[in-house]
Each structure stands twice: as structure tokens, then as C-alpha cells.
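**Q** Quick one, fold the following:
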Amino acid sequence: MNSQQFQSLSEHLHTLNFIELKRVRHQVEQMISSNHLGHVMSDCEERINHCPYCAHNKFIRYGTTARGQQRYKCKACNKTFNTLTGTALARLRNQDKWLQYSDGMWLTEKLRPAAKKLCINFKTAFRWRHKLLAHPTESRCQPLAGIIEADETFLNESFKGRKKSMTRKSRKRGGGKVTKVPVFLALDRQGHVAHQVLEADTKEELSAAITPILTPESVLCTDGNLSYQAIVKKLPYELEHKRLISLDNERVKDGIYHIQTLNNWIMRWKAWLVQFRGVGTAYLEHYLAWFRQMDSFKEEQPSWVDVAIMSNITNT
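**A** Predicted structure coming up:
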């Protein structure tokens with residue numbers, strides 16, 4: 001289409017009524033979503049090098065799916081697969097709405113408005129959210145580097161969305177003892193964040209969470225929690241450890257060692273969580289990964305759909 005044809009098309013849009021404009025918008029969104037998914041899947045097809053079931057690298061093309069996607073057959077296990085097999089999007093319907101739903105997640109769109117806008121069921125919107133968050137949640141941060149800030153924070157235990165699995169009686173507002181869920185967080189000065197929801201606030205749980213992200217070249221900054229001191233002593237290598245004792249009003253050591261960057265990250269994450277009016281403890285890791293992903297890509301915002309589709313490649 002040349003510039004004159006495009007200009008003519010633009011002028012005709014002004015003659016359409018509201019209902020017709022909505023139909024045109026719906027068709028355009030479908031075409032954009034379809035084309036985008038097509039490009040991503042095409043790129044993924046070129047990079048497939050193993051069977052998602054048995055990891056064997058010998059397979060053949062085996063026709064196409066009902067949606068027109070290339071299908072393959074493994075020579076080792078004889079199972080068939082396509083570009084979505086093994087990803088969070090496998091067997092999900094309404095492909096033309098995935099991209100628009102993904103865009104809404106960057107705006108932290110709530111489930112009911114998203115479901116209404118896309119004409120999908122509320123449960124479908126909920127399932128899509130956590131399907132798209134599955135890969136970012138599983139993609140835990142590699143060992144951090146340089147100065148590492150580590151701390152724990154606590155949130156109220158919640159059975160939101162899973163009331164049938166409650167192990168206690170419902171608590172009336174303002175009454176009864178509130179169970180706190182410990183969350184371990186750490187980050188380095190490059191902005192990489194590691195997190196883990198702990199079963200209990202114990203030295204053993206903290207050790208299991210923090211040990212894999214430490215390296216001998218790191219400098220660990222923590223508060224006065226004695227558990228970190230004991231953990232550092234048990235490491236198979238020497239690690240420089242800076243403890244910031246709040247009782248001594250010691251916030252910074254040597255001008256650079258502190259945990260204020262992490263405390264700021266935690267404060268922003270908790271402020272972001274408020275809009276959800278409570279997050280189920282079972283899904284807490286997903287909301288950590290959601291905020292971490294959004295915070296890491298402030299300027300460039302890759303589609304959550306892209307991340308989910310390419311997870312089959314990046315996991316190899």
C-alpha cells in the first residue's frame with residue numbers, strides 16, 4: 001500500500017460509526033496478533049534442535065496442526081510435537097487474543113476487566129496469567145556478582161484462590177494470630193534479583209536460598225541477622241561479609257556497603273502488590289517474578305507470549 005492509498009483509507013475511517021470502528025479494531029488486532037505470533041513461531045521452528053519429550057536430536061517434519069503450525073515426529077520416542085509443545089502456551093485456545101492479553105499484563109491489568117475486554121471467561125484470564133508467569137518464575141537468577149545485598153521480608157499467609165486447601169479455620173478480620181510467610185530476596189548492583197518464598201524463617205532455609213547465588217568474589221551485605229553470619233562461616237570458601245547493625249544506627253559501611261537498594265526494591269514491590277488486594281501465598285513466587293520482569297525491562301517490553309514460546313529454546 002502506497003501513501004496515497006493509506007491516506008484514502010484513513011479518510012474513510014472518519015465515515016464509520018462507533019460499531020463499525022469497533023469491528024475494524026477487532027479485525028486489526030486479530031491480524032497484528034496473528035502476524036506477530038507467526039513471526040515468533042517461525043523463528044522458534046528454525047531453532048528447534050531436540051524433542052521436548054526425550055531430548056533426542058533426531059526428528060522429522062510430520063505435517064501440520066489444525067492451526068497450521070509445523071508438526072514434528074521424534075525418531076527415538078515416536079511422539080509428535082510442535083513449536084508450542086513443552087511451553088506454557090501448549091493446548092491453550094484463542095491465539096488471536098494472547099498478544100492483547102500480554103500487553104495488558106505490562107499495564108498490570110486486572111483479571112475481570114481483561115476477561116471482559118477480550119470476551120473470555122474469568123477462569124481463563126486467571127489461567128493465562130499464571131501460564132505466562134510460569135517461565136519467568138522458573139528462570140531463577142544465576143549467581144550474583146560483586147556487592148550482594150540480602151534480606152528477608154514477611155507477608156501475611158493467604159489462601160486466596162485456594163480456600164478448599166485451607167488448613168485452618170477462617171479468621172475474622174482483626175482477630176486471631178496472623179501467620180507470616182518469609183520471603184528471601186537478594187540483588188547485586190547490576191540489578192539482578194534473586195528471590196525465594198521460604199517454608200520457615202530458619203537458618204537452614206536461608207542457607208539453601210542464599211548459598212547458590214554467592215561466589216568467592218562477592219561481598220555480602222546483610223542486616224544484623226546472626227543466621228547470615230553462621231551461613232558465611234560454613235561456606236567452603238572465604239567470603240567478605242558486611243553486617244549493618246540497625247541498633248547501632250549503622251546504615252552504610254565504607255561509603256558503599258549497604259542494603260538500601262534492596263530495601264527500596266522490596267518497598268516498591270509491596271506497594272505494587274497493594275493493587276491486587278491480597279495475593280495467595282501459593283502464587284507469591286509468580287508475583288515476585290512478574291514484578292522482577294517488569295522492573296528489568298522498563299524501556300523495552302518484550303511480549304510475555306514471546307518469553308513463553310521461546311522458553312522451549314532457552315531451556316536447552
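**Q** CA atoms for contacts and neighbours, from now on please.
**A** OK.
**Q** Relative to the whole chain's centre, how far out is the longest helix seen in the chain?
**A** Secondary structure of the chain per DSSP state H: the longest helix is helix 18-47. Taking the mean of its C-alpha atoms, helix 18-47 sits 23 Å from the chain's own mean (C-alpha atoms, centre = their mean, to the nearest Å).
**Q** Also stretch 82-92?
**A** For stretch 82-92 - counting by C-alpha atoms, centre = their mean - the centre lies 17 Å from the chain centre.
**Q** which residues sit in contact with residue 77?
**A** Taking C-alpha atoms under 8 Å, 6 or more residues apart in numbering, we find residue 77 in contact with 53, 54.
**Q** does it sit in a helix, a strand or a coil?
**A** coil (DSSP: H, G, I helix; E, B strand; the rest coil).
**Q** Can you list the residue ranges for strands in the protein?
**A** Per DSSP state E, the chain carries strands over the ranges 59-64, 70-74, 80-82, 147-156, 180-188, 193-197, 219-222, 240-243.
**Q** in the fifth one, what's buried?
**A** Put plainly, it is strand 180-188. 181, 182, 183, 184, 185, 186, 187, 188 (16 or more other C-alpha atoms under 10 Å).
**Q** Determine which two of those residues are furthest apart.
**A** 181 and 188 (23.7 Å; C-alpha to C-alpha).
**Q** any low-confidence regions in the stretch 201-316 of the chain?
**A** Residue ranges of the stretch 201-316 of the chain with pLDDT under 70: 247-248, 298-302, 310-316.
**Q** which residues of it fall in helices?
**A** 203-210, 226-233, 260-273, 284-296, 304-314 (DSSP state H, counting those that start in this stretch).
**Q** Just send those helices back as CSV, with mean neighbour count and distance to residue 131 too.
**A** Converted to CSV, those look like this (neighbours: other C-alpha atoms under 10 Å; distance: least, C-alpha to C-alpha, whole Å):
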stretch, mean neighbour count, distance to residue 131
helix 203-210, 17, 24
helix 226-233, 15, 35
helix 260-273, 15, 19
helix 284-296, 19, 10
helix 304-314, 20, 8
